[in-house]
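In: Quick one: sequence and predicted model below, then my questions.
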Amino acid sequence: MHKVVTLSEFILDRQSDFPYATGELTRLLADIGIAAKIVNQQVNKAGLGDILGAHGSENVQGEQQQKLDVFADEVFMQAFKAGGQVCGIASEEQDEFVAFDSDFCRDGKYVVLFDPLDGSSNIDVNVSIGTIFSIFRRKSAPGKPAEVRDFLQKGTEQVAAGYVLYGSSTMLVYTTGKGVNGFTLEPTIGEFCLSHPDMRIPEMGNIYSVNEGNWEVMSEGVRQYVRVCRERELRGRYIGSLVADFHRNLIKGGIYIYPGITSAPNGKLRLLYECAPLAMIAEQAGGKASDGRRRVLDIAPDELHQRLPYFVGSAAMVDEAMALVREHDKVEI
């Protein structure tokens, strides 16, 4: 019988992988695991309590907030505030970043950007949803409040990134730049246990994930790539929950596309909360991520809620899609 390795044990064992390791990042990743368990409990019983449905307010993107959105946002924010390793957070659900004002937190070395509940429009119909997180070392001086420049960093500066998938099982997948590892929550002991070590995305897959309902408002380059996928009889699979679509393609091989459309040329997904963290995971697993013109991790953000078109997944598929976009899209749509 093989030894079960818990998330906490794995993080401690890999602490030496972190430059200048002093334990703060180790504790921060452990705090994320704890917050994920709390959110998972509410997700699993969402149909039994007053946690489903709209919260009655909109987030900064003008999207209707769900009750679970607000709950997850608060749980993760409190976990980061209580841990002391984080001096501030930025959340997809909040207009501005939050600088923690206690002396305890002002000495924190890290900031966290996160989407507390990706795919929340699927909550009421029991489709897989998730949490996405991105961790950076702060740029501002320790001991002072976090500043906006701490958050507006390129994806290449991430020290860790990951996601939690609340599905048929609950998984936490993360990277610190030393490969990608996945942990499944074992409900009988309440621990995340290593289940997917050294995850690698196949160079070529047979799945393409794009909302073909937007066909008429996609660019010609994207339509050409979708035609190629259809001609090869690849399988079209689109859940509408980014974490779920990404996770499936990470394991089986495939490409996820959320392009710009005529009414939203910059697409819908957010660079800092969704695209950059998943791009880091994709690259660490052997895949690629692009906005159609540039490597996602090289993009310097201008604002907290910046959006961009997104192509992520198996390297050969992303390369082919980008070649067709460059060939056919002479101007931005």
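Out: Structure received.

In: helices and strands of this structure: which one bottoms out on pLDDT?
Out: Averaged element by element with mean pLDDT, DSSP states H and E, the chain has its least confident helix or strand at strand 54-58 (a mean of 49).

In: confidence score at the spatially most central residue of the chain?
Out: For the chain, Ile132 is the residue whose C-alpha lies nearest the centre (CA atoms, centre = their mean; 3.3 Å). The pLDDT attached to Ile132 in the predicted structure is 98.

In: The stretch 201-333 of the chain: helices as residue ranges?
Out: All helices of the stretch 201-333 of the chain, identified by DSSP state H, counting those that start in this stretch, fall at 220-231, 242-252, 276-284, 315-328.

In: for the stretch 51-200 of the chain, that is, sorry about that
Out: Going by DSSP H, counting those that start in this stretch, the stretch 51-200 of the chain shows helices at 67-83, 103-106.

In: Of the ones you listed, which is nearest Gln224?
Out: Comparing the helices of the stretch 51-200 of the chain by their distance to Gln224 (CB to CB), the top pick is helix 67-83, with 36.1 Å. For glycine as for every other residue, the C-beta is placed from the backbone atoms N, C-alpha and C.

In: quick revisit: for the residue nearest to the centre of the chain, give the beta-bridge partners.
Out: Each beta-bridge partner of Ile132 is listed here: Asp115, Tyr163, as defined by DSSP bridges.

In: I'd guessed it sits against Ala276; true?
Out: No - at 9.6 Å, Ile132 and Ala276 do not qualify as touching, with contact defined as CB atoms under 8 Å.

In: quick one: Asp329 from Gly205, how far?
Out: In this structure, Asp329 and Gly205 are separated by 23 Å, where distance is defined by CB to CB, to the nearest Å.

In: Could you do Gln78 as well?
Out: 38 Å.

In: Those two: which has the busier surroundings?
Out: Under the criterion of other CB atoms under 10 Å, the comparison of Gln78 against Gly205 puts Gly205 first, with 23 against 13.

In: so what's Glu191 closest to, chain neighbours aside?
Out: In space, Glu191 comes closest to Thr6 once its chain neighbours are excluded; the distance is 4.7 Å by CB to CB, 6 or more residues apart in numbering.

In: Count the residues that sit near Tyr163.
Out: Per other CB under 10 Å, the neighbour tally for Tyr163 reads 28.

In: contacting residues around it?
Out: Each residue near Tyr163 by CB atoms under 8 Å, 6 or more residues apart in numbering is listed here: 118, 130-133, 172-174, 243, 246-247, 277-278, 281.

In: go with 7 Å
Out: Gly130, Thr131, Ile132, Val173, Val243 (CB atoms under 7 Å, 6 or more residues apart in numbering).

In: Could you identify which of the helices of the stretch 201-333 of the chain is most buried?
Out: Using mean count of other CB atoms under 10 Å, the stretch among these with the greatest mean number of neighbours is helix 276-284 (a mean of 26).

In: Okay, angle between that one and helix 315-328 too, please.
Out: Computed with axes from the mean of the first three to the mean of the last three CA atoms, to 10 degrees, the direction of helix 276-284 lies at 120 degrees from that of helix 315-328.

In: mean confidence for helix 276-284?
Out: According to the model, helix 276-284 has a mean pLDDT of 98.
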